[in-house]
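**Student:** Kindly return the folded structure for what I paste below:
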Amino acid sequence: MKAISIKGKSTEEIQSALQQSMSNGFKPTLAICFISKSQDRISIAELLDSKGIAIFGCTTNGEFIDEETEKGSAAILLLDMNKDYFEIHFEEYPEKNYREVARAIAQKASRKFSIPAFLIGTSHAAADGEEILKGIEEIAGQHVNAYGGAAGDDYSFAETFVFTNKKDSANAIVCITLDETKVEIKGIATCGWKAVGTEKIVTKSEGNHVYTVENVPVLDITAKYGGLENVTPDNKNMLVEIAANFPLQLQREKGDPIMRPGLVIDWSDRSFYTSGAVPQGSKVRFSLPPDWDVMEKVIKAVENLKETEMPDADALVVFSCAGRILSLGPLMSKELEGVKNVWNVPMAGMFSNAELGRATGGNLEMHNLTTCVVALKEK
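**Tutor:** Next up, the predicted model:
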């Protein structure tokens, strides 16, 4: 399978890049599109559709090919994968029946492919990625390969979109199902944030609303471990500081911890809402601000994936949390460069609102502040 990554800041630039990519006989069948809401994704999708190219698309908080991060652009990975080896599914979930919708997609995939794998994009802030993964797992089995991310909207946190050929929605899932007997897919979800302190018990929570840890309001105990000052509603930088640098680390019985950053503060009781469920009675640790080791851990994990499971790849797809670039800034390009150099094949990705994948040594999870790297190779 041949892969070519292209980018542009207008439909015209994408059209020119597409024409150039196809000038030597390359005929892409699939486009994985990461496009800013500031771009005309509809016209770009129409352009790809006119060439007979199947589309998997998400809006973003930033996009990249290779290590070059951009804002307000379109980054597209073009693949000439055999059309018999994949299928695009697009389903809305207005009733919030995420697991049911995912189960239906997995059932269709299982009828078509003996061993299906899944590449997933979701829109709408309320979409429950964990329910989607559970729905797929119930049909395809616990060891299924499923990866993806939640669409972004240039950090406005208002309305995100996924799209495919002639379809576009702010409340839907777009999914590539793959025939794993024909296309090898391996991925890894790694965060790298260091923990501080001992395990603490979540003493009161409901779903993703965390009230107290060790009977102390979660905002106060987070501020204590983070050394944060001026923890008041007047501090406009407080939420970004907590979300990007001091996430809760939800401990699992097996595998790496899962990041659960606070995203919305309830000042009335100093609780906060996190990116995913934090069950009452579960164990958490607090985080240190990220440093160079965060990136090194991600790169080493990807190198280990190559050494142990995926010696060769044709292309890479990356879902990296929007919070990572807020925390790491210009250093983010160093992480992406390190990931790219592992296989040195065409790569495209986005900065997402959440990441979906198997935690290192653990289960399928919805992540935050995490980089999910997916390697593809046609057999």
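**Student:** which residues of the stretch 251-379 of the chain fall in strands?
**Tutor:** 258-260, 262-266, 271-274, 283-287, 315-321, 347-352, 354-358, 364-367, 371-378 (DSSP state E, counting those that start in this stretch).
**Student:** Buried ones in the third one, by neighbour count?
**Tutor:** I take that to be strand 271-274. Of the residues in strand 271-274, 271-272, 274 count as buried by neighbour count, 16 or more other C-beta atoms under 10 Å. From N, CA and C alone the C-beta is placed, and that goes for glycine too.
**Student:** re earlier: can you redo the strands of the stretch 251-379 of the chain as a markdown table with distance to residue 236 and mean pLDDT?
**Tutor:** Output for the strands of the stretch 251-379 of the chain, formatted as a markdown table (distance: least, C-beta to C-beta, whole Å; pLDDT from 0 to 100):
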| stretch | distance to residue 236 | mean pLDDT |
| --- | --- | --- |
| strand 258-260 | 22 | 90 |
| strand 262-266 | 12 | 87 |
| strand 271-274 | 16 | 91 |
| strand 283-287 | 21 | 93 |
| strand 315-321 | 21 | 96 |
| strand 347-352 | 22 | 96 |
| strand 354-358 | 24 | 92 |
| strand 364-367 | 27 | 90 |
| strand 371-378 | 28 | 96 |
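**Student:** how about low-confidence regions in this structure?
**Tutor:** Nowhere does the chain drop to pLDDT under 70.
**Student:** Domain map for it?
**Tutor:** Domain assignment of the chain by automatic domain parsing yields the ranges 3-190+293-378, 195-287.
**Student:** The shortest one: how far from the chain's middle?
**Tutor:** The one in question is domain 195-287. Between the mean C-alpha location of domain 195-287 and the chain-wide mean there is a distance of 21 Å, by C-alpha atoms, centre = their mean, to the nearest Å.
**Student:** could you pull out the strands for the stretch 101-250 of the chain?
**Tutor:** Assigned by DSSP E, counting those that start in this stretch, the strands in the stretch 101-250 of the chain fall at 116-122, 146-150, 162-164, 167-169, 172-179, 183-190, 195-206, 209-213, 216-217, 248-250.
**Student:** Just checking: what are the partner strands of the first one?
**Tutor:** Here strand 116-122 has these sheet partners by DSSP bridges: strand 146-150 (parallel), strand 172-179 (antiparallel).
**Student:** Contacts for it, please.
**Tutor:** 32, 56-58, 105-106, 109-110, 129, 132, 136, 140, 144-151, 162, 172-180, 183, 185, 317, 354, 356, 374 (C-beta atoms under 8 Å, 6 or more residues apart in numbering).
**Student:** Then the third one?
**Tutor:** Taking C-beta under 8 Å, 6+ apart as the criterion, the residues outside strand 162-164 that touch it are 33, 41-42, 45, 54-59, 88, 90, 121-123, 151, 168-169, 172-174.
**Student:** Buried ones among these?
**Tutor:** 33, 41, 45, 54-59, 88, 90, 121-123, 151, 168-169, 172-174.
**Student:** In terms of secondary structure, what does the helix or strand containing residue 5 contact?
**Tutor:** Assigned by DSSP states H and E, residue 5 falls within strand 3-8. Taking 3 or more C-beta pairs under 8 Å, 6 or more residues apart in numbering; DSSP states H and E as contact, the helices and strands that strand 3-8 lies on are helix 11-21, strand 63-65, strand 74-79.
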